[in-house]
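Visitor: fold the following and give me the result.
(chains A and B)
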There are 2 protein chains.
Amino acid sequence: MEYSLYNNTIHQISRMLSHAKNWLEKAIEYADTNNIDQTVLAQYRLRPDMLPLTKQIQIACDVSKGCAARLSGQEAPKHEDNETTLAELIARIENTQGFLQQISSEHFEGAESKKIEVKLPKMSLNFTGSDYVNHFVLPNVYFHLSTAYVILRDAGISLGKMDFLGDIKQS
Amino acid sequence: MEYSLYNNTIHQISRMLSHAKNWLEKAIEYADTNNIDQTVLAQYRLRPDMLPLTKQIQIACDVSKGCAARLSGQEAPKHEDNETTLAELIARIENTQGFLQQISSEHFEGAESKKIEVKLPKMSLNFTGSDYVNHFVLPNVYFHLSTAYVILRDAGISLGKMDFLGDIKQS
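Guide: From the prediction side, this is the model:
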């Protein structure tokens, strides 16, 4: 696949979100088999001062849709952050992927040098599109997906590295 | 910074490795303050069936040097994987960064379409340079650095998201 800001974000992030859906599907199966309420796994966390699975997935989705919206100039869908089950987290991911799929490579024209502002509660961050992707989007998406994966591993779900990487494209 | 395969890998990975050095320095301070042997933290892991901190850092370094070597056609330094202390893990990172710094953007000419083979114990993976970076290098580096971060958090070291992201470049 051609090396471009569009493919490296929209396409690769959507792939990674698909992998996360697979982990959540395995978690649903695990919950069913072991008679665990899905909401327990959704709220599972590694430490009291770390975010639970639900929040890890929500943030990964939000950074993904924010990236697609800011770089393309399109408006991102709003989400209420009211997911309580694993099935609802899968739906959240699918909704995010649906938005990403609406963005075409034409929307990304000039995105590398576009001025991007990210407003956080305590500060605003200002980037070029290129630095935004390298210093903010990808580290955040991978961090929260990795942490979601580790939370599920810690909860007892059988996952391996290839579940994280997904299908490696042979080319 | 210009959007290029070279900057998006060599430069960004070296940045992330610097962040990991900072976490390890905080871990050394924590070990000293709490009278914990560094080797205990180096071997700390989240679960018996997950890799310890040392291995997470070693793999992140190996994927990084492998990326730099394969895409540039240079030979990567060899490492014995014999680190037992946090200070030795920092030295491993610095040695890896030293190799990355020797690679110039000219070495990356045509890297996007270069044929890359990664030989694993059970299989060989074949990529273009572009897919190698998106489907293998970045997911692996971020996965192992995120897991190293989570291991240190779990061990009690005070780290926050900005320790993971590092200095956000204002532009």
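
Visitor: relative to B:Tyr142, how far out is the residue lying closest to A:Gln43 once chain neighbours are set aside?
Guide: Take A:Gln43 and drop its neighbours on the chain: the residue closest to it by CB to CB, 6 or more residues apart in numbering or on different chains is A:Pro52, 4.8 Å away. Any C-beta I mention is one placed from the backbone N, CA and C, and that applies to glycine too. Separation of A:Pro52 from B:Tyr142 (CB to CB, to the nearest Å) stands at 21 Å.

Visitor: if you count what's nearby, which of those two comes out ahead?
Guide: Regarding A:Pro52 and B:Tyr142, a neighbour count based on other CB atoms under 10 Å in any protein chain shown identifies B:Tyr142 as having more, with 25 against 16.

Visitor: show the contacting residues for A:Asn7.
Guide: Taking CB atoms under 8 Å, 6 or more residues apart in numbering or on different chains, we find A:Asn7 in contact with A:Met1, A:Ser105, B:Ser130, B:Asn134.

Visitor: wait, what's in contact with the third one?
Guide: Which is B:Ser130. With contact taken as CB under 8 Å, 6+ apart, B:Ser130 is in contact with A:Met1, A:Glu2, A:Tyr3, A:Asn7, B:Leu5, B:Glu112, B:Ser113.

Visitor: in space, what's closest to the last one - neighbours in sequence excluded?
Guide: Pointing back at B:Ser113 there. Nearest non-adjacent residue to B:Ser113, counting by CB to CB, 6+ apart: B:Thr128, 5.5 Å away.

Visitor: residues contacting the residue nearest the centre of chain A?
Guide: By CA atoms, centre = their mean, chain A has its centre lying nearest to A:Ala60, at 3.1 Å. A:Ala60 is in contact with A:Leu17, A:Ala20, A:Asn140, A:Val141, A:His144, A:Leu145, A:Ala148, counting by CB under 8 Å, 6+ apart.

Visitor: ok, the residue nearest to A:Gln43 touching A:Leu41?
Guide: No. Between A:Pro52 and A:Leu41 there is no contact under CB atoms under 8 Å: 9.4 Å.

Visitor: my guess is A:Asp163 contacts A:His19, does it?
Guide: Yes. Counting by CB under 8 Å, A:Asp163 does reach A:His19; the two are 6.6 Å apart.

Visitor: tell me the phi and psi of A:Lys119?
Guide: Main-chain dihedrals, A:Lys119, degrees, to the nearest 10: phi -90, psi 120.

Visitor: from the chain's centre, how far out does the lengthiest helix in chain A sit?
Guide: What stands out as the longest helix in chain A, according to DSSP state H, is helix A:12-33. How far helix A:12-33 lies from its chain's middle: 12 Å, per CA atoms, centre = their mean, to the nearest Å.

Visitor: quick one: the next helix or strand after that helix to chain centroid distance?
Guide: The helix or strand immediately downstream of helix A:12-33 is helix A:38-42, counting by DSSP states H and E. With CA atoms, centre = their mean as the basis, helix A:38-42 stands 18 Å off its chain's centre.

Visitor: how about the residue in chain A that sits furthest from its center?
Guide: A:Asn35 (27.5 Å).

Visitor: report the separation between that one and chain B.
Guide: Separation of A:Asn35 from chain B (CB to the nearest CB, to the nearest Å) stands at 22 Å.

Visitor: could you pull out the strands for chain A?
Guide: Assigned by DSSP state E, the strands in chain A fall at A:115-119, A:124-128.

Visitor: quick check, pLDDT for the residue nearest to B:Ser113.
Guide: At B:Thr128, the pLDDT value in this model is 96.

Visitor: list the residues that contact it.
Guide: Listed by CB under 8 Å, 6+ apart, the contact set of B:Thr128 reads A:Met1, A:Ser171, B:Glu112, B:Ser113, B:Lys114, B:Lys115, B:Ile116.

Visitor: helices of chain A, residue ranges please.
Guide: Secondary structure of chain A (DSSP H): helices at A:5-6, A:12-33, A:38-42, A:53-72, A:86-102, A:129-132, A:138-154, A:161-165.

Visitor: distance to B:Pro48 added to the ones you listed, as JSON lines?
Guide: Converted to JSON lines, the helices of chain A look like this (distance: least, CB to CB, whole Å):
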{"stretch": "helix A:5-6", "distance to B:Pro48": "41"}
{"stretch": "helix A:12-33", "distance to B:Pro48": "18"}
{"stretch": "helix A:38-42", "distance to B:Pro48": "21"}
{"stretch": "helix A:53-72", "distance to B:Pro48": "21"}
{"stretch": "helix A:86-102", "distance to B:Pro48": "25"}
{"stretch": "helix A:129-132", "distance to B:Pro48": "39"}
{"stretch": "helix A:138-154", "distance to B:Pro48": "11"}
{"stretch": "helix A:161-165", "distance to B:Pro48": "17"}
